[in-house]
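K.L.:
Build me a model:
(2 chains)
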Amino acid sequence: MKKLLASAAFAIAAMTGTAQADGHANYPDRPIMMMVSYGAGGATDFQARIVTMTAGNEDALGMPIAIINKPGAGGRVGWNWLAGQADADGYTLGAYNVPHFIAQSIKGGVDYSTDSFEPIANWGADPAVFVVAADSEFNSMADVVAFATENPGKLTFSGAGLFVGHHIAALQLEKEAGVKLAYIPNKKGGAGAMKAVIASEVMGGVNNLSDAFRAQQAGTVKILGVFDLERNEFLPDVPTMKEQGFDIDNASVNFRGVMVPKGTPQAVIDKLAMTVPEMFKNGRVAGKMKAGGSPMHIMNREEVQAMWAKRQETLTTLLEGL
Amino acid sequence: MEFLAWFGPVFEPVAFLLLLGGTIGGLILGATPGLSPTMAVALLIPFTFHLQPVQGLILLGSAYTSTVAGGAVSAILLKIPGAPANIATTLDGHTMAKAGQGKRALQLSFLASLFGGVFGVLLLIFLTPVLASWALKFGPSESFWIAILGVTIIGTLGGGSVIKGLLAGCIGLWLSTIGFDDILGTQRFIFHSSLGGGINIIAALIGLFAIPQVISMFAKGRSTTSMDVIDVRPHPIKEAIRELGQSRLALTIGTAVGSIIGLIPGVGGQIAGLVAYDQTRNFSKDRAKFGSGHPEGIIAAESANNAMVGPSLVPLLTLSIPGSPTAAVLLGGLIIHGIFPGPNIFLYHSNVVWPFINSMLIGQFLMCIFGLLIAGYAARIARVPPYAMAAVVLALAVFGSYSVQNSMNDVYVMFVLGVAMYFLERYGYSAAPLVLGLILGPIAEGSFVEGAMIANAQNGIFQYFFTGGLNLVLIAIVVASIGYSVWLELRMKRHEAKV
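P.N.:
Okay, the predicted model is just below:
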């Protein structure tokens, strides 16, 4: 027994010794924490839990990822914390929501911008869609725009809040259709905005494709258009905005992924950037995501960097003067 | 009657063990300050990844049921409401426990929970289609009036002076505006960066109720004279059942109010207990006894907050609209197993949904049985010397407020509010109206802002908020509620003048 203990102690000493010598070669050697800036049970939270559930596998990071929620103020609380207070040692990751955090940083009043974080990989893309109640008179975006043209400022439609994907989609629609609409941000987020549509409190709404898909399955809403470049596999029959004559790109698509605070060692970033996208490709992860109606979209670090830069540009123009 | 055919899966070994575990664990989690039903369910969701859908949902459902009831334990014994739903329980429950009748208070609370809870689940089983369309009628203007109805009971809640109650309520309303505004993203009253997320209700709840207690307990512990050892009196269950039978009014009002309020999306169980408490007091013959350890107070509050559990799932299951924060977390739990709630859920997923609902029915009974079993032992807490108790409560308060969002900021907020409350209490202010203000502020403001935006795009604010059948009914109740308390106040004055 004593011998065993002694050799175990020696082994540990040897391991820590090499870890110091090689810098971050043994990263990660303890569990990792990932901050989600929305509450437990929300879409971002439960997707984050699914995509990280295989982190402990030997072919992934070999260490589990624990989710820590820091909700508040539409994500601002958590991202402020990640940018300002979190340790940049590779053991603190964060989940990002684009365009939310970029739009918030352009609007101001927060301690972060795209320069405060280093992207690692993207796991999901939830496009915005335009929904109306199942018994609505509107059957296409043309109907909606025709009504709005005749009644400027009278078409009420809900969304999850200001400076989130839904709001961006609303702004794009107003700009491209050349109409004035009444966007009603909902305090209770996407679920509250959807309820407003189903209960006919508003005439329509912008909402997440995943939630709208479920509501459509339940027979409570009609989906009139997708704010994305292409049609979505969940909704092959719903045309994009572009197909319906509005020049709207994917700037409002809600991208979700993993990032780390600026200052995290390059070796750690490289290791994560190499491993994490592969981890997202795990079959069990894909199965759970599909069962939950959550569209996956895996992107590597370079692709996310390019996407962030493009969003920064589009959103700065779109939010000018607001 | 289809549900009767689906009791079998609940009694399969694994499912029943999960039901037992969820119930017992839920009682313990619920009794821990800071671990609200929402948190408990959220924490359990990752475990359900590895279970079959039915098993996972049985675990979540039983935990939801019993955490709501478990919250009464700390409300009664420690005067710390486990969740906002249990605030009203502290008013009479803790007073009773302080008089050595903790066991009686716990028994009444669990029995009332059972009654309300079973009624709520039966509503869910039999009336779901009817109730679902009714729940949708509550839009921004109706939610606004419900919140205003809540405001009307603020003044009388403290038990003391109406003016002081209203002032405390206003402080609560003001505190609720702190932080980034959820709709416009503007910053309000952010004196310190830790307030960016606003004041978390659970952290505030713990601070406002626990810290003044801790301070006075430490003060008591130092003085040698007043080391009062409370004699914990035994109380047979038969006696508690008899008392429950005598309090039919409290039980009826509590259950009815809880069921109705639980159904309304967004308002939810946070105020069900308080509204039921207030209404029962208004109609009770023993109005003056409320607040001094009156059984009706406990029965009304606890039957209401458990009656809300069943109906709060109606909009979730049939319309995929989560009516409460806990229901929102449960929605995640359903979706993760590929079950999309909607009008056809009982058609396509009857093999999962019925056992889930049935397990909540059986869970109510298990919750009550285990609750009654521990009541006697738990009540002995009252015999712990004040200084030791203070240390335990302090530790629980720090743990509870930290665990809400894993943030030290909440712990600081909890301490600051708690110390302030200690001094306010010395001047006759009480915590309940303050917390109610904190809860109602965001509901009233959010629904008003949303309603006003819709109204401005359409026919104007007056028409939006003051027309429509449900609006008028609610306005009438608000006016009646104010009128009734004014009348009572006047009558009491005249009575005093005569004496």
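
K.L.:
tally of neighbours for residue B:33?
P.N.:
27 (other Cβ atoms under 10 Å in any protein chain shown). Every residue, glycine included, has its C-beta placed from N, CA and C.

K.L.:
Then residue B:327?
P.N.:
27.

K.L.:
repeat for residue A:236
P.N.:
7.

K.L.:
any idea how far it is from chain B?
P.N.:
Relative to chain B, residue A:236 is positioned 18 Å away (Cβ to the nearest Cβ, to the nearest Å).

K.L.:
State the mean pLDDT of the helix or strand harbouring residue B:388.
P.N.:
Using DSSP states H and E, residue B:388 maps to helix B:386-405. Helix B:386-405 shows a mean pLDDT of 85.

K.L.:
what do you get for stretch A:50-59?
P.N.:
Stretch A:50-59 comes out at a mean pLDDT of 89.

K.L.:
Contacts for it next, please.
P.N.:
A:32, A:34, A:60-65, A:67, A:123-124, A:278-280, A:282, A:284-285, A:288-289, A:292, A:294, B:46, B:49, B:336 (Cβ atoms under 8 Å, 6 or more residues apart in numbering or on different chains).

K.L.:
Can you say which of those are buried?
P.N.:
Buried by 16 or more other Cβ atoms under 10 Å in any protein chain shown: A:32, A:34, A:60-61, A:63-65, A:67, A:123-124, A:279-280, A:282, A:285, A:288-289, A:292, A:294, B:336, out of those.

K.L.:
and residue B:188, what are its bridge partners?
P.N.:
Per DSSP bridges, the residues bridged to residue B:188 are residue B:179.

K.L.:
Give me the distance between it and residue A:73.
P.N.:
From residue B:188 over to residue A:73 the distance is 11 Å, taken as Cβ to Cβ, to the nearest Å.

K.L.:
shared neighbours, these two?
P.N.:
Contacts common to residue B:188 and residue A:73, judged by Cβ under 8 Å, 6+ apart, are B:179, B:180.

K.L.:
three-state assignment of residue A:259?
P.N.:
Judged by DSSP: H, G, I helix; E, B strand; the rest coil, the three-state class of residue A:259 is strand.

K.L.:
Could I get the pLDDT score of it?
P.N.:
Looking at residue A:259, the pLDDT reads 97.

K.L.:
Relative to chain B, how far out is the spatially closest residue to it that is not a sequence neighbour?
P.N.:
Leaving aside its sequence neighbours, residue A:259 sits nearest to residue A:117 (Cβ to Cβ, 6 or more residues apart in numbering or on different chains; 4.4 Å). Per Cβ to the nearest Cβ, residue A:117 is found 18 Å from chain B.

K.L.:
ditto for residue A:273
P.N.:
Residue A:273 is 26 Å from chain B, by Cβ to the nearest Cβ.

K.L.:
Within the helices and strands, which one has that residue?
P.N.:
Here residue A:273 is assigned to helix A:266-280, by DSSP H and E.

K.L.:
can you state the direction angle for the next helix or strand after that helix and helix A:266-280?
P.N.:
Remark: after helix A:266-280, the chain's next helix or strand is helix A:283-291, criterion DSSP H and E. Put simply, helix A:283-291 runs at 60 degrees to helix A:266-280, going by axes from the mean of the first three to the mean of the last three Cα atoms, to 10 degrees.

K.L.:
quick check, helix A:283-291 touching chain B?
P.N.:
Yes. Using Cβ under 8 Å from any Cβ of the partner chain, helix A:283-291 reaches chain B at A:288, A:291.

K.L.:
Need the contact partners of the helix or strand that that helix is followed by.
P.N.:
Using DSSP H and E, the helix or strand that follows helix A:283-291 in sequence is strand A:296-299. The contact list for strand A:296-299 (Cβ under 8 Å, 6+ apart) reads A:121-125, A:255, A:257, A:277, A:280-281, A:286, A:289-290, A:307.

K.L.:
biggest separation within those residues, which pair?
P.N.:
A:290 and A:307 (22.8 Å; Cβ to Cβ).

K.L.:
what about those two, which has more around it?
P.N.:
residue A:307 (19 against 14).

K.L.:
what's near enough to touch the more buried one?
P.N.:
A:98, A:122, A:255, A:299.

K.L.:
Next up, the contacts around the first one.
P.N.:
Under the criterion of Cβ under 8 Å, 6+ apart, the contact partners of residue A:98 comprise A:254, A:255, A:257, A:307, A:308, A:311.

K.L.:
shaky segments in the stretch 101-250 of chain B?
P.N.:
B:158-160, B:221-231 (pLDDT under 70).

K.L.:
ok and the residue in it nearest chain A?
P.N.:
residue B:197 (2.7 Å; Cβ to the nearest Cβ).

K.L.:
what's the average pLDDT for stretch A:278-288?
P.N.:
90.

K.L.:
now swap in stretch A:145-156 and tell me
P.N.:
So the average pLDDT for stretch A:145-156 ends up being 95.

K.L.:
List the buried residues in that stretch.
P.N.:
A:145, A:147, A:148, A:151, A:155, A:156.

K.L.:
With only the CA atoms kept, save it in PDB.
P.N.:
Extracted as PDB, the C-alpha positions of stretch A:145-156 are listed here (Å, rounded to 0.1, in the frame of the first residue of the first chain):
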ATOM      1  CA  VAL A 145     -46.200  44.600 -46.200                       C
ATOM      2  CA  ALA A 146     -49.400  45.600 -48.100                       C
ATOM      3  CA  PHE A 147     -51.200  46.200 -44.800                       C
ATOM      4  CA  ALA A 148     -48.200  48.100 -43.400                       C
ATOM      5  CA  THR A 149     -48.100  50.300 -46.500                       C
ATOM      6  CA  GLU A 150     -51.700  51.200 -46.100                       C
ATOM      7  CA  ASN A 151     -51.500  51.700 -42.300                       C
ATOM      8  CA  PRO A 152     -48.100  53.100 -41.500                       C
ATOM      9  CA  GLY A 153     -47.000  52.400 -37.900                       C
ATOM     10  CA  LYS A 154     -50.100  50.400 -37.200                       C
ATOM     11  CA  LEU A 155     -48.800  46.900 -37.700                       C
ATOM     12  CA  THR A 156     -47.800  45.600 -34.300                       C
END
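
K.L.:
hmm, that stretch touching chain B?
P.N.:
Yes. Contact of stretch A:145-156 with chain B (Cβ under 8 Å from any Cβ) involves A:153, A:154, A:155, A:156.

K.L.:
What is the most widely separated pair among those?
P.N.:
Once Cβ to Cβ is applied, those give A:153 and A:156 as the farthest pair, at 9.4 Å.
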